[in-house]
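Q: Turn this into a structure:
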Amino acid sequence: MPNEEASPAPFTAHPGDLVFAAFALCALVVLGLAVQRTWTVATATEHSKTNAERLGHWLQQAVQGDDGVCPELADRGMPARWEGCLRTITAPEGPLAAMRNPFSGHAPQIVDRCRPGSTGTFGQLMLEAHAGPAATDAGRVAAAPAPGEVPPAAWTLRLQVCDGAGYPIPVQELAMRP
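A: Model (predicted):
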């Protein structure tokens, strides 16, 4: 018998193969969309953290009292009222005016708390005042001390940003001493 080479059988597509290929293609498209959404939210969250760090730097300068931008914070004896500083922060020419919340496209706002799942708090900033010199103290005074509220003699100002899911991310803490 002569030496004959066996030729491979021609490929024939079965209906199951086409279903599998269509399913695999759909899975890749869904995966690509999920990655793109995750990347978009992650970069927007990082941009929000950068905004919070810029506000933290501004608050640090105010605490040091170098330029008198917020004299209520520069007075280490602590102000009788916080509203003047809060008004300075949120003023049209204040530090928030030049920033943009990447989730909404508007200037970030100071919110009382982050609300998971609430798109209105995504990328917003949160200030919390805690009694005592360390943030580990359980004596929370208020979120962004309410206008007219008297902070304690020694307190910590905690700056946080709400992430793309509405959860708070700690950014900076400023110890305020008498």
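Q: Name the next helix or strand following the helix or strand of the chain with the lowest mean pLDDT along the chain.
A: Ranked by mean pLDDT, DSSP states H and E, the weakest helix or strand in the chain is strand 140-143, scoring a mean of 44. Next along the chain after strand 140-143, taking DSSP states H and E as the criterion, comes strand 155-162.
Q: Where do the strands of this protein begin and end?
A: 110-111, 125-131, 140-143, 155-162, 168-176 (DSSP state E).
Q: Off-centre distance for stretch 47-62?
A: On the basis of Cα atoms, centre = their mean, to the nearest Å, stretch 47-62 sits 12 Å off its chain's mean C-alpha point.
Q: Residues contacting that stretch, please?
A: 67, 69-70, 73-74, 85, 89, 95-96, 99-103, 108, 122-123, 125, 157, 159-163, 169, 171-172, 174 (Cβ atoms under 8 Å, 6 or more residues apart in numbering). Bear in mind the C-beta positions are built from the backbone N, C-alpha and C, glycine included.
Q: Please, a ChimeraX command that selects the buried ones among those?
A: Listed next is the ChimeraX selection for buried residues among the contacts of stretch 47-62, using 16 or more other Cβ atoms under 10 Å:
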select :69,70,73,74,85,89,95,96,99,101,102,103,108,122,123,125,157,159,160,161,162,163,171,174
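Q: and the angle for the top helix by length along the chain with strand 155-162?
A: If each helix of the chain is counted by residues according to DSSP state H, the longest one is helix 15-64. Between helix 15-64 and strand 155-162, the angle comes out at 150 degrees (axes from the mean of the first three to the mean of the last three Cα atoms, to 10 degrees).
Q: tell me the angle of helix 15-64 relative to strand 168-176?
A: Going by the same axes, to 10 degrees, helix 15-64 makes 10 degrees with strand 168-176.
Q: mean confidence for helix 15-64?
A: Model confidence over helix 15-64, given as mean pLDDT, is 91.
Q: Strand 125-131 and that helix, what's the angle between them?
A: Using the same axes, to 10 degrees: helix 15-64 against strand 125-131 is 50 degrees.
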